[in-house]
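Peer 1: got a sequence here, can you model it:
(chains A, B and C)
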Amino acid sequence: MSDWKKSITPMVFPGKIAVPYTWTVGSTLSKFYCELRDNGKIWANKCPACKTVFVPPKVKCIHCYRDPSIWVELPGTGTVESYTIVRYEEPMLHPRKAPFVYGLIKMDGADTCMVHIIDEIEPEKVKVGMRVEAVLSENREGNILDISHFRPVK
Amino acid sequence: MERVAIIGVSQTKYTQNNPLTFAELVYQVTTEALEDAGITIQDIDNVVSVSSDFWDGRTISSMAISDASGAYGKDITTVEGDGTFGALYGLMRTLSGSFNTTLVVAHHKGTESNMKGITNTAFDPLVERRLGLDAISSAALQARRYMTKYGLKEEQFALVSVKNHGNAMRNPLALFPMEITVEDVMNSRKIADPLKLLDCSPVTDGAAAIILATEHVAKKLVPPKKCVWVKGVGHCSDAFRLGDRDLADTRALTAAAKRAYSLAGIQDPCRELDLAEVYDAFSYMEPLWLEGLGIAPEGMACEYLERGKFDFHGQLPVNPSGGRISTHPVQVAGLSELVECALQLRGEAGDRQVEGARTALAHGINGMCGQAHCVWILGK
Amino acid sequence: MGKRVGIIGVGQTHHASQRLDASGVELIAEAVTRALDDAELTVKDIDAVVIGNMDHFENINYVDMWAVDGLGAVMKPVFKVTTGGTTGTTIAACAFYTVASGLFDVVLAVGWEKNSESDTQAAVATCANPVLERDFFAGAIGPLATEYSMYMKAYGATEEDAAIVAARERNNALNNPYAHVRQAVTVEDVLKSPMLSYPIKFLDMCPRSDGACAVIFAVEEKAKKLCPKPAWVHASVVRHDYTHFGDLEWTFMPTLERASAEAYKLAGITNPLKEFDVAELYLPASTCGVKWMDSLWFCEHGEAPKLVRKGVFDMDGELPVNPSGGVICTNPIGATGLIRVGEAAWQIMGRAGARQVENARLALVTGFGGCSWSDVMILGADLP
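Peer 2: Coordinates of the predicted model:
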């Protein structure tokens, strides 16, 4: 390193990329969110070739690259396949104050899992294999948080 | 596959809050890699850079470093992802007949950014992003699923942290060399159960570079002892959504490894490899990936780990560099693994030298919970 | 020695200012499905995939991972390349080298952008060095306006010369069912359109679009088997020589001169204006359709306005440029360069419909982006 560099205090400029975004939801997920918002129903779609049922619904079957064109209504219950208790605060990202629980929930009637929040239970009491059901939000806007969270089936 | 050699390597010391700019980091490793090979920038005919607009906080992030990589008047391109994928594209360009010498360079200054915010943008804005998931919370779901599937314990994952932080004691470039115990890991702050602070890798600043050359040019440019040969490579991606995969199933890694092994003529990786650098962004990942790589049977890697099989003096040293868990310059990480493997095979790895290393494996991941994998086999 | 590579299928979406009917993944699936149909393949025939776009236009990190459903890339090799405006040609080059390497036989290249999802100029502005240039000289129009006003001063080119290019390309787009802007305009319309940044006016400038493009590359043996008339890749060269706008040359386009000279050398081309049958050039503004013709070695410095006025680059001219309508009619940025490659390939394959240039056997493709960077690709009907 040259000598002149010893005498300077390097500077750091703060910066932030502030670009507003909108995301086109597309036909497949628009149907999912409209059903959720307007009718409080959880719909999945099914591949006509390999019969895999996807929730949230998919644009293309991940196995066959076919349109999963068959729509199936789900009961909204499922089984916890995995979970984590989040202990750190990230108010810009998290919809809950820590500690709260994320679960990977194998949905009844579907072949895939949904990631969502598990609530109405002490975090330490959540277990893999536990039966849970979706709790809908009162004011639904047409997004994944129209399901407020999942709670243990009573 | 025509023979391609790594003829020059370089990496920075890995730190946090590095005062150098992106361009200065890239200039440093480019210059040092050329010196290592004993060639000049005129001997390089094309460049692959690895950078990310998200981590760099800049659109067209490659614009920040193309001059520093010596790409003026040359063909240059950019891969966004782990360094192993950048190196893979460098290899394909070298094999294409259009080029003979390829510089692959990666930089990372993650400590200037917000890791959780940046990895949150890897989730679908239409679905999971709104839930606030990031690299840590999704990894925690994978760790728990892996534990459930095979009846594993957190203490077993903690062994990875103990081993790799200990290995980092032999690596002067590592960020967090530490002598710790399983108890230390178990008692460290809970982040997202079952992950604790010492199960998680630290975001790290740094840069790395390698120079690839076709056999006939490599033999002209550098003495034989500098040449480390690419024996095989493979890459593959699983499904995007966490819920579409079984997070404890490593089928994409198995497919990538199968291809790399078949090109390299490897039948029994556990016996034929002398060392492996695998992408341990979190402690549990090391055994999970070792199973995907066919180095341990499904569900058995933790038991092998307990028996010391992957220790520095074990049957197959895994992450002798200290791994990502002690030093994690995202994107640079996979390239730094290739640098480490090259140094090992040249017998120039200093205190962390694995005696008599002839064949080494490097492994990189892309996406959340290791959605995609890139596996490299290097040989003497 | 590398393998010889041919393009065997092309697909693109119907581009628009906003495709509200399709999410990003749906847009990608639309282009991929059309490319597979064009090549008469299924997704099973694809050995590897490469994708690209510009991160800050949609704010999706690890796009290659997010897109696998639409790409048909689950359990396939895939990674992402990105270089700003040149991303589309970068993707094509990547697919070319991937096949040429001998490691994969059939490779799907996909570029996409949903520019309607963000503030394009705000995102582009962050490409400039944050410590030196971001605050005052960023965005796409400023540097383009500066370079043409310098060219006007040096060689006496006019605003009308650019307007002739704009009218030509916009009218060509009427023959392209995929084009975003399809509107007949006259030179006067262009000259009367609102000034954006002197001397560039509204109708001189590219729009921002939603769209995707997919191109399938195959190794020689497979290309011959799968496609009656593949478009063979004769050369691929890029020059990204600058990192600061302040370092640029302004009266000619240095990276385009260097990249095209090297590409012509590789393809054995000595008189490009005569030898090429068609060109699909990344001209982000009509002004580039004047000035950059010098830098493609079609004429001496400063003589391009003469050629433009003579109609050399018209559909019935000596070298039709942008039969598709080019970038000023369609600009989903990460796909834009790949659309040039796809359109040129269709010209060679004889699949360009109403915009077909008869008996096109050699095509020139360029990409533009970053800090005045240039990519050049040459496609031909004959094996290289």
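
Peer 1: continuing past the helix or strand bottoming out on mean pLDDT in chain A, what's the next helix or strand?
Peer 2: Across the helices and strands of chain A, mean pLDDT, DSSP states H and E gives its lowest value to helix A:26-34, namely a mean of 95. As assigned by DSSP states H and E, the chain's next helix or strand after helix A:26-34 is strand A:42-46.

Peer 1: that next one close to chain C?
Peer 2: No - using CB under 8 Å from any CB of the partner chain, strand A:42-46 never reaches chain C; the gap is at least 12.2 Å. Every residue, glycine included, has its C-beta placed from N, CA and C.

Peer 1: the residue of the stretch 1-150 of chain C found nearest chain B: what's it in contact with?
Peer 2: In the stretch 1-150 of chain C, no residue comes nearer to chain B than residue C:2, which is 2.4 Å away by CB to the nearest CB. Taking CB atoms under 8 Å, 6 or more residues apart in numbering or on different chains, we find residue C:2 in contact with B:95, B:96, B:97, B:98, C:97, C:100, C:101, C:102.

Peer 1: hang on, isn't the second one packed against residue C:101?
Peer 2: Yes - between residue B:96 and residue C:101 a contact is recorded at 5.0 Å, counting by CB atoms under 8 Å.

Peer 1: ok, back up a step: the residue of the stretch 1-150 of chain C closest to chain B - nearest residue in space that isn't next to it in sequence?
Peer 2: residue B:97 (2.4 Å; CB to CB, 6 or more residues apart in numbering or on different chains).

Peer 1: picking up where we left off before, which other helices and strands does the least confident helix or strand of chain A contact?
Peer 2: Applying 3 or more CB pairs under 8 Å, 6 or more residues apart in numbering or on different chains; DSSP states H and E, one finds that helix A:26-34 contacts strand A:42-46, helix C:24-39.

Peer 1: the last one vs chain B: in contact?
Peer 2: No - Helix C:24-39 stays clear of chain B (CB under 8 Å from any CB), getting no nearer than 8.5 Å.

Peer 1: and that helix, how far out from the chain middle?
Peer 2: 18 Å (CA atoms, centre = their mean, to the nearest Å).

Peer 1: same question for that helix, mean pLDDT?
Peer 2: Mean per-residue pLDDT for helix C:24-39: 97.

Peer 1: likewise stretch B:300-316?
Peer 2: Averaging pLDDT along stretch B:300-316 yields 98.

Peer 1: now do stretch C:280-297
Peer 2: pLDDT averaged over stretch C:280-297 gives 97.

Peer 1: any residue of it touching chain B?
Peer 2: No - for a cut-off given as CB under 8 Å from any CB, stretch C:280-297 has no contacts with chain B; the smallest distance is 14.2 Å.

Peer 1: chain A contacts on the stretch 101-250 of chain C?
Peer 2: So far as CB under 8 Å from any CB goes, the stretch 101-250 of chain C lies against chain A at C:114, C:116, C:117, C:118, C:119, C:122, C:123, C:126, C:130, C:131, C:210.

Peer 1: so the closest residue to the last one other than its chain neighbours, which of the three states?
Peer 2: Distances taken as CB to CB, 6+ apart put residue C:19 closest to residue C:210, at 4.1 Å, once the chain neighbours are dropped. When the structure is split into helix, strand and coil by DSSP: H, G, I helix; E, B strand; the rest coil, residue C:19 lands in coil.
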